[in-house]
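Asks: Everything below, folded, please.
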Amino acid sequence: MRLSPLQQEIQWQRWSQDVIPALLNPYLQYLEASESLHVVVDSRVDHPTHCLTCLEEIKISYCACTPAPVHLMESGLFACSPVAPTLAVDLRVLEFMRTLFVQLTPNTTAWCEALESFLDGQGYQLQSKFSNAYHWYTVLATYADDHITGLVHPPQASMQQGVRLQPSEYLCACCPLCFGGVPQKANTDQEDLDCIVCLDACFTQKRTNNPRNSATHDPPNPTSTVFIPESEVKAMEVFIGKQRSLAPGHHDSSHQLQGDSFEDGMRVPMSVLDGCGDSFHAADENWKKASTNFFADTGLMALLCRHDHVLWLVNMTSAGEKQHYALVLLKYLFEHLPTTTTVGLLYDIGCQLEHSCRKWKLLDEGILSMLKFGISVFHAYGHQWPCQIVYHPHKCVGFGLSDGEGCERLWSSLKMLIPVLRVSGYRQGLFVLDNQIHHFDRKAFAALGQWLNKKWTLCKSKKMLALESLHALHIDMQTLREEWAAQVHSQTQPLPWQSKNKGANLLAHILSLEKSVQDYQSHVDQLEMDLVNDHHAAAKSLLSKATKALQQKKSALGVSSQTDLYLLRNNKWLQTHTNAQALKIRIRECLRQHKFELQHLEGSFQNSANDNHLQSHVQSAIKRREPAISQLITTYNNLCDELLGMIRLQKAPPGAIPHLPIPTKGIFQLDVDSNIWQDCEPGEGSSEPPRWLADEAVHKGIRLMLEVDRCNEEERRLSREQSVLQEWFSMEWKSLHRALENEAENYKYHLKAHKHTLLAVYVDWKEKVQHIPHAWVPSENWGPTVEDVANYLAPASHTPSVEDGAEHPTDDFSEGYESDAVGALSEGDDELLLGIEEMALEEGCNMGQSDEEGLTDDEGWLEDVGNVVQQGASK
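Replies: Numbering: from 1, shown residues only. Below you'll find the predicted structure:
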């Protein structure tokens, strides 16, 4: 019989407030008695035994002082209802389910209904739902884990007189590499950032409206969560609305007529920001990515550290990617950090977010001064070139080799939850996500040593290859830095019609716009002939914008300028240069659209056979358009040769610079350093073109110099993280021993199980990171003695806990962790994000002498441990 909503709420409160707290100690005691469910404990109730392969009836006596669920827990059984249970399930079955449903799609309803149907066929009529036992057992296990963690880390004051002195305990628990260790030692270089985080939204994790049109949510669970409360999100939304109403009105395209400019604090002009905004739907808050008519929750937004550990999540309810979701995540982050902590943020539309924060005063100046914005690597191609040279993490000081794609890897890992959470309750969905993320964090925590070792190997290999190529150019670093500074200054200037040749450049821009309008019109006509509806609206939008801009420019011309425009149409140099520029813009748009189309296809999950067939057809159509793009590139390169011939024949203006040809090889990868992004003006310039534009050796040298700089930053950061990891582990080891000395006897078993887990990761971590040099000499050693390690390695000493029994902390996860990341990156762009890493992995064994010496030290350390183990065995 189905319970009414009121009865369900009362039962839920009884479970949360009464039963789960009362079951904590009996549950921990049973785990100790059964050696973490590895042996069967004799039952206190009057029945012979229970096993995993049978169903039996038992009778128990209980009272108000000792409820039925407590009696059953003492026998290793979990009740399906809080008061008078008619069904109890063995803890081993529930633990198996708990382990199973973080490895595959957690369709608990189907699993439980199948079991109930099977038992019904055996003649057992269940009056209680089996799913109740699974859900509340998961709550109890999480509740117990949090309790043991609290014993090791009792609440401590991290603030003094309202000022935070170190990252919060919450952040330290999320990622020891980013937020552990001694704060004053964390950053020894002023240009390096203290921590790097990434931000992104996902609109595949939706939840449909309640079919019963209920206005209320299912009750909350008494467990910790990574989700920011709805009230905080709403408060940020109200604050942003208020700030925008107080600040000056929204900017429009008038700056294009009055002259381009920089806004306060921005490093790129307004015209560049407009171009980036047009390329991304995420920059348009009004763009509907999910229907609020059908979905109560439209997606998730996540904040992750550079090690892909989830810091916080926000549940989105709007149709578009609103900025208040990102800002409430940043607000929470800075509330948990000291005021002197510098943070690097990588976001698909980082330039747009910084612009909004500065224009509308959405963040305090103190936070903005500590925050450095960047754009994630995979989405950099959608930004204008001036934006890329300022915000791309591999061109921006401080980000090292961080790619900002951790959120994409998270969404790939969570894709199996899409069908289940689509129809779940609100808080039940959050609970499932919390469990899954907790599972990912445990696996990632165990693999931190492997992560550092892998990144160090890749970084050293990449740096070595870049230095070899750089030395072959015979150009000193100071020259390259000066040329790079000149390039950044030149290419981030406002639109060229603000120069002293304003009139001539404006006319040239009009000619370029006319050519662009012709190309866009041809593209729209072709789509209409091919009956392609998916991109017809986007193409017409581009045509409309170009047409409008052309009309605005022409309306601003006077009579004399219109006469000059007529004469310039017959200028062979200007006409060829304008056609080449228009073609380049067209090629850029085609390549971006090509990339976005493939990304959309690769990001599709849970498709039916018909959907897969349709997508295969669409993908073939996308590939068929590649020859057309290649033909555009060939035409463009012919125009470049024609311009170069005019310069040689002295038929071009003095100091004129031709467009750079675009190599066809690898063009569909949209490499951030490709010539497709380089622009030059038709008439401006000195008698000698700048070396960063005209000298191919300097052009290549700048790329290699930036690569070496980022590798140096990555090395410093990895060295700091190695030192931080050792200091964090030392403090964790001390906290554990204090807990073992101070806590009651009934918690000693679980604290020793935690010690066993720490020893497991210690053995793995020390072996993998010892060859990485320290950023500073750690104040103390790791903590465990040789005897501790020997006792851990001795076979008879293993006392696995519940979580250890599910999987080994490091061995089984090492390969899976990498494969998860590789799979997620492959969904984005294999060539862009994995090419260099795969090459480096192949050559990782050929590291320098320092690595060989480090491995020798590791072997010696392991030999000492082995000797102790052998001595113990001989005794």
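Asks: what about the strands in this structure?
Replies: 77-79, 88-90, 159-160, 163-164, 195-202, 207-208, 295-297, 299-305, 310-316, 343-347, 371-374 (DSSP state E).
Asks: Restricting to C-alpha, output the fifth one in CSV.
Replies: Translated: strand 195-202. Extracted in CSV, the C-alpha atoms of strand 195-202 (Å, rounded to 0.1, in the frame of the first residue of the first chain):
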residue,chain,number,x,y,z
CYS,A,195,45.5,27.6,-6.9
ILE,A,196,43.8,27.0,-10.2
VAL,A,197,40.1,26.2,-10.7
CYS,A,198,37.8,25.5,-13.6
LEU,A,199,34.1,26.3,-14.1
ASP,A,200,31.6,25.0,-16.5
ALA,A,201,27.9,24.1,-17.0
CYS,A,202,26.2,21.0,-18.2
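Asks: List the buried residues of it.
Replies: Within strand 195-202, the residues scored as buried using 16 or more other C-beta atoms under 10 Å are 195-202. (Glycine included, C-beta is placed from N, CA and C.)
Asks: now for that strand, which elements pack on it?
Replies: Where contact means 3 or more C-beta pairs under 8 Å, 6 or more residues apart in numbering; DSSP states H and E, strand 195-202 is packed against helix 176-179, strand 299-305, helix 323-335, strand 343-347, helix 406-413.
Asks: What of the first one?
Replies: With contacts defined as 3+ C-beta pairs under 8 Å, 6+ apart, the packing partners of strand 77-79 are helix 68-73, strand 88-90, helix 91-100, helix 130-152.
Asks: sorry, back to before: of all the strands of the chain, which lies closest to residue 438?
Replies: Residue 438 lies closest, by C-beta to C-beta, to one member of the strands of the chain: strand 310-316, at 9.2 Å.
Asks: Give me the buried positions along the closest one.
Replies: Residues of strand 310-316 classed as buried by neighbour count (16+ other C-beta under 10 Å): 310-316.
Asks: And stretch 340-355, by the same measure?
Replies: 341-355.
Asks: Can you report how many residues lie near residue 709?
Replies: Number of residues near residue 709 (other C-beta atoms under 10 Å) recorded here: 20.
Asks: can you tell me which residues contact it?
Replies: Applying C-beta atoms under 8 Å, 6 or more residues apart in numbering to residue 709 gives the contacts residue 397.
Asks: Tell me the confidence at it?
Replies: We have a pLDDT of 96 for residue 709.
Asks: where does it sit relative to residue 389, distance-wise?
Replies: Separation of residue 709 from residue 389 (C-beta to C-beta, to the nearest Å) stands at 14 Å.
Asks: One more: residue 137?
Replies: Separation of residue 137 from residue 389 (C-beta to C-beta) stands at 54 Å.
Asks: which of the buried residues of strand 310-316 lies closest to residue 406?
Replies: residue 310 (8.9 Å).
Asks: which residues touch the closest one?
Replies: Listed by C-beta under 8 Å, 6+ apart, the contact set of residue 310 reads 174, 226, 302-304, 410, 437, 440-441.
Asks: hmm, which two among those residues are most spread apart?
Replies: The largest separation in these, counting by C-beta to C-beta, is between 303 and 440 at 14.8 Å.
Asks: who's more crowded, those two?
Replies: Each of residue 303 and residue 440 has its neighbours counted (other C-beta under 10 Å); residue 303 has more, 26 against 20.
Asks: Does residue 584 touch residue 659 like I think?
Replies: Yes: between residue 584 and residue 659 there is a contact under C-beta atoms under 8 Å: 6.8 Å.
Asks: Overlap of the contact sets of the two?
Replies: With C-beta under 8 Å, 6+ apart as the test, residue 584 and residue 659 both reach residue 636.
Asks: Low-confidence ranges, the stretch 751-875 of the chain, go.
Replies: Applying pLDDT under 70 to the stretch 751-875 of the chain flags the ranges 795-875.
Asks: 90 instead, please
Replies: For the stretch 751-875 of the chain, the stretches flagged by pLDDT under 90 are 775-781, 786-787, 789-875.
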